[in-house]
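Trainee: Show me the folded form of this:
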Amino acid sequence: MFVAILIFIIILGLLVFVHELGHFMVARRNGVKAPEFGFGFPPRIVGIQFISGQEQKKFFEMESVEREKIDIKIGDEEIIQETITEKFHNVEKNVPVGKWRIIWGNKDGDDENERQDLQEAHEKQFRGGTIYSLNWFPLGGFVRIKGEDGGNAGDEDSFANKSAWKRIKILAAGVAMNFIFAWILLSVTFMLGAPEEISPDANTNNANSKIQISGIIADAPAGLMGLKVGDEITKTQKDPAGESINLKNVKEVQDYVNANRGKEITLEILRGKEKLELKGTPRVDAPQGQGALGIALSETVLVKYPWYAAIWKGLLAVRDMTMMIFVGLFGLIKMLFAGHGSSADVSGPVGIAILTREVANLGLVYIIQFAAILSINLGIINILPIPALDGGRILFVLIETIKGSPVSPKVEQAFHTFFFALLMLLMLAVTYKDIAKLF
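Mentor: Sure, this is the predicted structure:
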């Protein structure tokens, strides 16, 4: 479980860090100052900052060159001698200078060296750049953008001073980075070798294919047996009489289960590197479309692609996953409006951590795919026009553009605070539900 928690922290940290990196890069590209960009959440362990400005320095410089020619005639020969005189003097010029300083802890200027650095910078009217910090809680990252709360509107390097289009670009950059990151991750999986489903109609006997459980119906015999999504059903099984049989594809597994309705069977499965034997009894009368065990099966084979094909496949996979997530999201909203919210299958941090443990057992490729799906989910959730999220902030910028004047900062902040509280309540409810499932 410790390894699964560590993987979960790494994945979550990377996704949030990439999201904030998008905001940071586009803000700086559009002339907005970012006082701090941090990995992890405060309190700060250490930070590094570049302080730059101009300083007067003296140089020893050549002022002029004088050439003197002297003609000397000796007999019939004329000799020309040349004397070169160079004059030098000291000049003072403003030259760009800068220095890096280390910031220990959460406050600036706590020790003597830092106070001296800050005093020197103030006297020379130097400008402090972004503080790049490492923080104690490694769950992602953050960026502080000047004027993001509506302040410093008169400063040229403030977010509040920029045009609506530039502000929208900065706000949307985090979401864009999540999709780009998912594209990179999925492209990597296709290069390493990603599982692809074989059509059931193909009736293949591919020796390298895997028969895997892709879905389980709640309260069906499969759940009582302990089967889980991602389990691989080995192709060599034993029937109820103890005889060894070979199941070459999905159809043969289905035929085997249906032939033993009402009888206890033992399925040998692979869960990651662990081999298990799970017992259960297929139903004689199963609800329409559920099957005797209540599982969905798929036959997959590992396929590797060259890098150029993997990049294209990765982009298509992002598109397909995005569409599937939107369909699921709209289905969830429909259930909520229909009054079936209690049956909605939504997971919070605890549920995702538990799912990470199951995915980790399947191998590296599945972990990378899982991280890509979470990255797309994070991007979609953040772009929704809900106050307190990036999409909600973009909505207020669009309202400002339409009405021709900014929304009152107090009104906007009230909306963000209210919806943030609602999101936190929803997070607590989902977390409670996830913990309840454990018991």
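
Trainee: hey, let's count contacts and neighbours off CA atoms from now on
Mentor: Fine.

Trainee: Strands along the protein, start to end?
Mentor: For the chain, applying DSSP state E gives strands covering 36-74, 77-104, 127-144, 194-198, 210-216, 232-233, 236-238, 244-246, 265-271, 274-280, 295-303.

Trainee: least reliable of these going by mean pLDDT?
Mentor: Mean pLDDT is lowest for strand 77-104 among these, at a mean of 64.

Trainee: what about the stretch 201-350 of the chain, any weak spots by pLDDT?
Mentor: 201-207, 339-346 (pLDDT under 70).

Trainee: let's see it at 90
Mentor: Low-confidence segments of the stretch 201-350 of the chain (pLDDT under 90): 201-304, 324-350.

Trainee: Could you report the neighbour count for Leu276?
Mentor: By the criterion of other Cα atoms under 10 Å, Leu276 has 15 neighbours.

Trainee: ok, it - contacts?
Mentor: Contacts for Leu276 were tallied using Cα atoms under 8 Å, 6 or more residues apart in numbering; they are 268-270.

Trainee: Most neighbours out of the residues you listed, which is it?
Mentor: Ile269 leads the contacts of Leu276 on contacts (other Cα under 10 Å) with 22 neighbours.

Trainee: Just to check, that residue is in contact with Gly230?
Mentor: No. Using Cα atoms under 8 Å, Ile269 is not in contact with Gly230, being 10.1 Å away.

Trainee: domain parsing for this structure?
Mentor: 188-192+306-438, 195-303 (automatic domain parsing).

Trainee: so how far is Met323 from the closest residue to Gly150 other than its chain neighbours?
Mentor: Computed as Cα to Cα, 6 or more residues apart in numbering, the closest residue to Gly150 that is not its neighbour in sequence is Ala160, at 5.3 Å. Distance, Ala160 to Met323, using Cα to Cα, to the nearest Å: 34 Å.

Trainee: more crowded one of those two?
Mentor: Neighbour tally, Ala160 and Met323, criterion other Cα under 10 Å: the higher count belongs to Ala160, 21 against 12.

Trainee: I figured the more buried one hits Glu148, correct?
Mentor: Yes. Judged on Cα under 8 Å, Ala160 makes contact with Glu148 at a distance of 6.3 Å.

Trainee: ranges for the helices of the protein?
Mentor: With helices called from DSSP state H, the chain shows them at 2-29, 112-123, 164-192, 221-225, 250-259, 307-337, 349-360, 364-383, 390-403, 409-438.

Trainee: and the ones you listed as TSV, adding distance to Glu36?
Mentor: Shown next, in TSV, are the helices of the chain (distance: least, Cα to Cα, whole Å):
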stretch	distance to Glu36
helix 2-29	9
helix 112-123	17
helix 164-192	16
helix 221-225	49
helix 250-259	55
helix 307-337	31
helix 349-360	27
helix 364-383	22
helix 390-403	19
helix 409-438	22
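
Trainee: weakest of those helices in terms of mean pLDDT?
Mentor: helix 112-123 (a mean of 52).

Trainee: Next, the contact list for Arg393, please.
Mentor: Contacts of Arg393 (Cα under 8 Å, 6+ apart): 171, 385-387.

Trainee: Out of the residues you listed, who's the most crowded?
Mentor: Highest neighbour count within the contacts of Arg393: Leu171, with 27 neighbours (other Cα under 10 Å).

Trainee: Skipping adjacent residues, who's closest to it in space?
Mentor: Spatial nearest neighbour of Leu171, excluding adjacent residues (Cα to Cα, 6+ apart): Asp390 at 5.8 Å.

Trainee: Count the residues that sit near Gly174.
Mentor: If we define neighbours as other Cα under 10 Å, then Gly174 has 28 of them.

Trainee: and what of Pro221?
Mentor: Other residues near Pro221 come to 21 when the count uses other Cα under 10 Å.

Trainee: what's near enough to touch it?
Mentor: 280-283, 292-294.

Trainee: Next one: it from Leu355, what distance?
Mentor: Distance of Pro221 to Leu355, computed by Cα to Cα: 21 Å.

Trainee: ditto for Glu20
Mentor: Where Leu355 is concerned, Glu20 sits at a distance of 25 Å (Cα to Cα).

Trainee: Looking at these two, which has the bigger crowd around it?
Mentor: Glu20 (25 against 15).

Trainee: number of nearby residues for the closest residue to Tyr305 other than its chain neighbours?
Mentor: Nearest in space to Tyr305, with sequence neighbours left out and distances taken as Cα to Cα, 6+ apart, is Met191 at 5.2 Å. Neighbours of Met191 under the rule other Cα under 10 Å: 19.

Trainee: Pretty sure Met191 sits against Ala310.
Mentor: Yes. Between Met191 and Ala310 there is a contact under Cα under 8 Å: 5.8 Å.

Trainee: list residues touching both of the two?
Mentor: In contact with both Met191 and Ala310: no residue, using Cα under 8 Å, 6+ apart.

Trainee: Enumerate every residue touching Tyr305.
Mentor: 190-193.

Trainee: Buried members of these into ChimeraX, please.
Mentor: Listed next is the ChimeraX selection for buried residues among the contacts of Tyr305, using 16 or more other Cα atoms under 10 Å:
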select :190,191,192,193
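
Trainee: now, among the contacts of Tyr305, which is nearest to Gly404?
Mentor: Closest to Gly404 out of the contacts of Tyr305 is Phe190 (48.1 Å), distances taken as Cα to Cα.

Trainee: which non-adjacent residue is nearest the closest one?
Mentor: Of all residues not flanking Phe190 in the chain, Ala310 sits nearest, at 5.2 Å (Cα to Cα, 6+ apart).

Trainee: thinking again about what came up before, dump the contacts of Leu276 to TSV, plus distance to Ile333.
Mentor: Putting the contacts of Leu276 into TSV (distance: Cα to Cα, whole Å) gives the following:
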residue	distance to Ile333
Glu268	39
Ile269	36
Leu270	36
